[in-house]
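Trainee: Starting from these lines, generate the structure:
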Amino acid sequence: MQTSYIYSASKANALSQALLSKTEIERLLVADPGDDLQSALKESYLASYVVRVPDEDVSLAIEETLTHAKKLIHRITPQGDMFRIMWVQYDIHNLRVFAKAAAAGMSYEDCKPYLSQRGIYSSEYLYEHVENNTLNNLQISWQEPYNRAIQMAASGDVSAIDGVFDEMYFATCHRIVELVGDAFIRTYFQTLIDLYNLKSRLRHLRNETVNFSPKFVDGGTFNESSVETLDSTLLMFERLDGVGYWGDALELFRETGNFTKIDSKSADYLLTVARQGSYDMFSSASLVLYYLKCQQAAVNIRTIVVGKNSGLDASAIRDNLRMAYVND
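Mentor: Predicted coordinates for the structure are as follows:
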């Protein structure tokens, strides 16, 4: 890694300190819904974003924080394109929306509430290529799977579309990783694959009559034979950060089939991987960590605002917050 990453890593670490803190979380938790909550938000890192979006809409302000973080990372790093591995999921999400919308006869305007602006490409630009059948001009091998998804949607096989786009996502990420050749980005991608394979396997074992696609993604740290049974799959989870880390999440899954805690733990595990990588000042990990912390702050703000507006008490909201590596 080039020594010029020392500056961008230092910048990201400094910016991380300005994100949502435990003190700000406590202030938000005791705020009353309405003006008091809005005032508390303006005392947090969200302040400069809330005041510049229409009607001080909190959801728009949160989206602005993430879009700004994405653009900042691209701007301050000497090889910004390597971080496309974090943005491409939003392009795939938008393509998924467009394909399903086409089957329902929806226009681009109809789609707008469901689209993200955090992708590599703006949603408008991406839609132009969808309409012109030129997706391969953006990324190799995007047009054929998109056409296949459209055909599935037209035939009513809407549920199979997700598998097509998941395969597209992993194939695109693989090309990005191979192109940039960055050690930490490769580790990060392997972790994404491992988490996908473990959760996919649990879903299949929970409901063997449903075919999930892709069933298994190559390129992670273990092979498919390592997760043939429920016990072996649970053991593989425990290999990632230990039994204590996943214990309550896996117990909830065993009892109810609910993935909520597993998904939350997975997000925090990615933070752990990035934090460990960030100890190397020459690594790209600090930039990944910064964006993941921005995501975490956004999730916590949403959880608090939705909980407050739904009448939940502070303790119930607190139970749903992700507090790993939140600033003191």
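
Trainee: Domain map for the chain?
Mentor: 1-79+284-328, 82-181 (automatic domain parsing).

Trainee: So I262 sits against L250, correct?
Mentor: Yes. I262 lies in contact with L250 (CB atoms under 8 Å); the separation is 7.2 Å. Placement of C-beta: from N, CA and C, glycine included.

Trainee: rewinding a little: worst average pLDDT in the domains of the chain?
Mentor: Sorting the domains of the chain by mean pLDDT places domain 1-79+284-328 lowest, at a mean of 91.

Trainee: Remind me what the host helix or strand of D91 packs against, helices and strands.
Mentor: For D91, the element it lies in under DSSP states H and E is helix 84-104. Where contact means 3 or more CB pairs under 8 Å, 6 or more residues apart in numbering; DSSP states H and E, helix 84-104 is packed against helix 108-111, helix 123-131, helix 143-154, helix 161-180, helix 183-206.

Trainee: which residues touch the second one?
Mentor: Judged by CB atoms under 8 Å, 6 or more residues apart in numbering, the contacts made with helix 123-131 from elsewhere in the structure are 91, 94-95, 98, 108, 111-112, 115-117, 119, 121, 135, 137-138, 146.

Trainee: how about the CA coordinates for that helix, as CSV?
Mentor: Extracted in CSV, the C-alpha atoms of helix 123-131 (Å, rounded to 0.1, in the frame of the first residue of the first chain):
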residue,chain,number,x,y,z
SER,A,123,-29.7,5.9,-10.5
GLU,A,124,-30.7,8.1,-13.4
TYR,A,125,-27.5,7.2,-15.3
LEU,A,126,-28.0,3.5,-14.5
TYR,A,127,-31.6,3.7,-15.8
GLU,A,128,-30.5,5.2,-19.1
HIS,A,129,-28.3,2.2,-19.7
VAL,A,130,-31.1,-0.1,-18.7
GLU,A,131,-33.4,1.5,-21.2
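
Trainee: excluding its backbone neighbours, what's nearest V51?
Mentor: Of all residues not flanking V51 in the chain, K42 sits nearest, at 7.2 Å (CB to CB, 6 or more residues apart in numbering).

Trainee: Pretty sure that neighbour sits against S48.
Mentor: No. K42 is beyond contact range of S48, at 9.2 Å (criterion: CB under 8 Å).

Trainee: Between the two, which is the more surrounded one?
Mentor: Comparing K42 with S48 by other CB atoms under 10 Å, the one with more neighbours is K42, at 15 against 12.

Trainee: quick one on the thing from earlier: please tabulate the domains of the chain in a markdown table, including the columns distance to N211.
Mentor: Formatted as a markdown table, the domains of the chain follow (distance: least, CB to CB, whole Å):
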| stretch | distance to N211 |
| --- | --- |
| domain 1-79+284-328 | 30 |
| domain 82-181 | 8 |
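
Trainee: quick one, which of the ones you listed is nearest to F222?
Mentor: In terms of CB to CB, the element of these nearest to F222 is domain 82-181, at 15.8 Å.

Trainee: mind checking the end-to-end distance for the closest one?
Mentor: 9 Å (CA to CA, to the nearest Å).

Trainee: can you check stretch 48-60 too?
Mentor: Per CA to CA, stretch 48-60 runs 12 Å from first to last residue.

Trainee: Need the residues that contact that stretch.
Mentor: By CB under 8 Å, 6+ apart, stretch 48-60 touches 38, 41-42, 46, 61-62, 64-65, 68, 301-302, 305.

Trainee: check contacts around R302.
Mentor: By CB under 8 Å, 6+ apart, the contact list for R302 reads 59, 62.

Trainee: Regarding the nearest residue to E167 once chain neighbours are set aside, which helix or strand does it belong to?
Mentor: Nearest residue to E167, sequence neighbours excluded (CB to CB, 6+ apart): P214, at 5.2 Å. Using DSSP H and E, P214 sits in no helix or strand.

Trainee: Next, find the distance separating K199 from F253.
Mentor: Counting by CB to CB, to the nearest Å, the gap from K199 to F253 is 10 Å.

Trainee: quick one: common contacting residues for these two?
Mentor: Common neighbours of K199 and F253 (CB under 8 Å, 6+ apart) are 259, 262.

Trainee: more crowded one of the two?
Mentor: Between K199 and F253, counted using other CB under 10 Å, the more crowded position is F253 (22 against 18).
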